[in-house]
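Enquirer: Predicted model, plus sequence, below.
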Amino acid sequence: MSLFGFIGDIFLRCQISKETSAYSEFSSSVTLAKIKLDYKFKDKDLLVLALTHKSASKDNNERLEFLGDAILNLYIAITVFKKFNTFSEGKLTQIRASLVSRYFLNSLGEELELSNWVILGKGESTKNNSIVGNAFEAIIGAIYLDAGMEEVQKFLDKLFLKRINNIEPDKEIRDFKSQLQERLQKNGFRPPVYEVIDQGASKGEIRFEVLCRVEELDFSAKGWGRNRKLAEQEAASLILQLYLNND
């Protein structure tokens, strides 16, 4: 039985409208593009929808992102649970958080060159936001609808198994906020400041936007999440990657 096995049927198929300008304008170019997914869609419209940002159409990838996010978290939870059978709940949670962070998902989306094919509205950009990572999650949801859990697992195995296998069991795993604070303190700087700058409903749940500032260095980054803690973690991870990765 596959990793997901009997739980695959708990997901209900989304009802997806194809009556959107995004399809008529972009369908041909996107579906013929050499997107590096290593998966061939039977229903090409699902791929187009997964790449359609809300700025481009009211029929966009948000519902697929919701589905893909749930599937990805389940996949990561099961995989690290099986891989690290001596780890505590707290350590497993930290590993999962690092593998589903917005920075990490954005990097996977860039690896697949999704930023070249995301369908955006006028004036929208994929820079300094979570659009590419969200599209990656939407792709996961689209593959599930197109072919089911077994194909999703194959797709995710190719991207995650090597990374998970390279995690060193004895190496301390710290959350991004702790890493950032330790790096700053080590260099004589004050801790970062976190501020909630937006809190709005999306996909039936609350979505937080948090600004992280390192005032002495004039560094800042925004993070998003379904709760404040996740948004703070994402903002801290971006500070680490954008400003402190090479120090």
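Expert: Great, that's in hand. Numbers count the residues shown, from 1 in each chain.

Enquirer: how about the residue of the chain positioned farthest from its centre, phi and psi?
Expert: Within the chain, Gly188 marks the point farthest from the mean C-alpha position, 32.7 Å out by CA atoms, centre = their mean. As for Gly188, its main-chain torsions (degrees, to the nearest 10) stand at phi 80, psi 20.

Enquirer: As a check, name the ranges of all helices in the protein.
Expert: In the chain, the segments counted as helices under DSSP state H are 21-32, 44-50, 62-83, 89-99, 102-111, 131-147, 149-165, 176-186, 228-243.

Enquirer: Which one of those lies nearest to Lys222?
Expert: Nearest to Lys222 among the helices of the chain is helix 228-243; the distance by CB to CB comes to 6.0 Å. Placement of C-beta: from N, CA and C, glycine included.

Enquirer: buried sites along the closest one?
Expert: In terms of neighbour count (16 or more other CB atoms under 10 Å), helix 228-243 has its buried residues at 228, 230-241, 243.

Enquirer: Over to stretch 148-163?
Expert: Under the neighbour-count criterion of 16+ other CB under 10 Å, stretch 148-163 has Met149, Val152, Gln153, Phe155, Leu156, Phe160 buried.

Enquirer: same question, stretch 122-135
Expert: Neighbour counts over stretch 122-135 (16+ other CB under 10 Å) mark Thr126, Ser130, Ile131, Val132, Gly133, Asn134, Ala135 as buried.

Enquirer: what's the answer for stretch 134-148, then?
Expert: Under 16+ other CB under 10 Å, the buried positions of stretch 134-148 are 134-147.

Enquirer: Same list, those, but as JSON lines with pLDDT and distance to Gly90 please.
Expert: Below are those laid out as JSON lines (pLDDT from 0 to 100; distance: CB to CB, whole Å):
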{"residue": "Asn134", "pLDDT": "91", "distance to Gly90": "27"}
{"residue": "Ala135", "pLDDT": "95", "distance to Gly90": "31"}
{"residue": "Phe136", "pLDDT": "96", "distance to Gly90": "26"}
{"residue": "Glu137", "pLDDT": "96", "distance to Gly90": "25"}
{"residue": "Ala138", "pLDDT": "96", "distance to Gly90": "30"}
{"residue": "Ile139", "pLDDT": "96", "distance to Gly90": "30"}
{"residue": "Ile140", "pLDDT": "97", "distance to Gly90": "26"}
{"residue": "Gly141", "pLDDT": "97", "distance to Gly90": "29"}
{"residue": "Ala142", "pLDDT": "97", "distance to Gly90": "33"}
{"residue": "Ile143", "pLDDT": "97", "distance to Gly90": "31"}
{"residue": "Tyr144", "pLDDT": "97", "distance to Gly90": "29"}
{"residue": "Leu145", "pLDDT": "97", "distance to Gly90": "34"}
{"residue": "Asp146", "pLDDT": "96", "distance to Gly90": "36"}
{"residue": "Ala147", "pLDDT": "95", "distance to Gly90": "35"}
